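Participant: Mind looking at a prediction? Sequence and model below.
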Amino acid sequence: KAGVTQTPRYLIKTRGQQVTLSCSPISGHRSVSWYQQTPGQGLQFLFEYFSETQRNKGNFPGRFSGRQFSNSRSEMNVSTLELGDSALYLCASSAAGTSGRVEQFFGPGTRLTVL
Amino acid sequence: AQSVAQPEDQVNVAEGNPLTVKCTYSVSGNPYLFWYVQYPNRGLQFLLKYITGDNLVKGSYGFEAEFNKSQTSFHLKKPSALVSDSALYFCAVRGLYRNYGGSQGNLIFGKGTKLSVKP
């Protein structure tokens, strides 16, 4: 079974531009969540989608948005990029495993650099 | 407001000894609690989650965590540490609310604890 894939893996943008990151979850997983990781702020939660509906949301400005499609693939968009948006953006997909316990798997991340 | 604290930046353990990585939290309402691990060059991995029920939650790789409501703690434990357990461990908390929106349903991460297991 293929893991969580994120594209692109690396991205360089300039301030003021906008960017779209993509995440394909593990087949059968309907929940996708997004996270930002930086050396200064650590790990921060962006949002979570389940069956195309945003279920949970972190404390990020409106420049950060996301969506989920009917095939569970998800995209996140950052508009008007700022230098501080440089980070590793992680996506994870989750579902209940055969034991009933939640299983969550992370993708390798997209490394975004804003110049 | 939600918060989570990992009071130790680093924990050093000898291989074969039991390990504990500490986490305390503050949240209104009933918490969802999580542990994650980030191995060097291997990305972030989910270890376990507590929602309700048994205070002892079993997770991946032989790890377990104990929920203590009176002490607002959710410490990660393993009976016998392995060198391969050396990694960065993150605790996280989400408040359980009836409605999700805005800052409700946010997931707050601790700063992380570096676990070093020596042979």
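Facilitator: Everything's here; your move.

Participant: Residues of chain A that sit close to chain B?
Facilitator: Within chain A, the positions lying close to chain B (C-beta under 8 Å from any C-beta of the partner chain) are A:35, A:37, A:42-45, A:48, A:55-59, A:90, A:92, A:94, A:101-109. (C-beta placed from N, C-alpha, C; glycine too.)

Participant: Quick one: buried ones out of these?
Facilitator: Among these, those buried by neighbour count (16 or more other C-beta atoms under 10 Å in any protein chain shown) are A:35, A:37, A:43-45, A:48, A:56-58, A:90, A:92, A:94, A:103-109.

Participant: Let's see which of these end up in strands.
Facilitator: Judged by DSSP state E, the subset of these located in strands is A:35, A:37, A:43-45, A:48, A:56-57, A:90, A:92, A:94, A:103-106.

Participant: Isn't residue A:20 up against residue A:75?
Facilitator: Yes: when contacts are counted by C-beta atoms under 8 Å, residue A:20 is listed as touching residue A:75 (5.5 Å).

Participant: of the two, who's got more company?
Facilitator: Here residue A:20 and residue A:75 are set side by side on neighbour count (other C-beta atoms under 10 Å in any protein chain shown), and the busier one is residue A:75, at 17 against 14.

Participant: Tell me the residues of chain B that contact chain A?
Facilitator: B:36, B:43-46, B:49, B:90, B:92, B:94, B:100-103, B:105-109, B:111-112.

Participant: Tell me the secondary structure at residue B:38.
Facilitator: In three-state terms, and counting by DSSP: H, G, I helix; E, B strand; the rest coil, residue B:38 is strand.

Participant: Show me the beta-bridge partners of it.
Facilitator: residue B:44, residue B:88 (DSSP bridges).

Participant: buried sites along stretch B:35-49?
Facilitator: For stretch B:35-49, burial by neighbour count (16+ other C-beta under 10 Å) applies to B:35, B:36, B:37, B:38, B:43, B:44, B:45, B:46, B:47, B:48, B:49.

Participant: Just give me how far it sits from the chain centre.
Facilitator: On the basis of C-alpha atoms, centre = their mean, to the nearest Å, stretch B:35-49 is displaced by 10 Å from the centre of the chain it belongs to.

Participant: hey, where'd the strands end up in chain A?
Facilitator: A:5-7, A:10-13, A:19-24, A:31-38, A:42-50, A:53-57, A:64-68, A:74-78, A:87-96, A:102-106, A:110-114.

Participant: how about the ones you listed in JSON lines, adding mean pLDDT?
Facilitator: Output for the strands of chain A, formatted as JSON lines (pLDDT from 0 to 100):
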{"stretch": "strand A:5-7", "mean pLDDT": "97"}
{"stretch": "strand A:10-13", "mean pLDDT": "98"}
{"stretch": "strand A:19-24", "mean pLDDT": "98"}
{"stretch": "strand A:31-38", "mean pLDDT": "97"}
{"stretch": "strand A:42-50", "mean pLDDT": "94"}
{"stretch": "strand A:53-57", "mean pLDDT": "89"}
{"stretch": "strand A:64-68", "mean pLDDT": "97"}
{"stretch": "strand A:74-78", "mean pLDDT": "98"}
{"stretch": "strand A:87-96", "mean pLDDT": "93"}
{"stretch": "strand A:102-106", "mean pLDDT": "90"}
{"stretch": "strand A:110-114", "mean pLDDT": "98"}
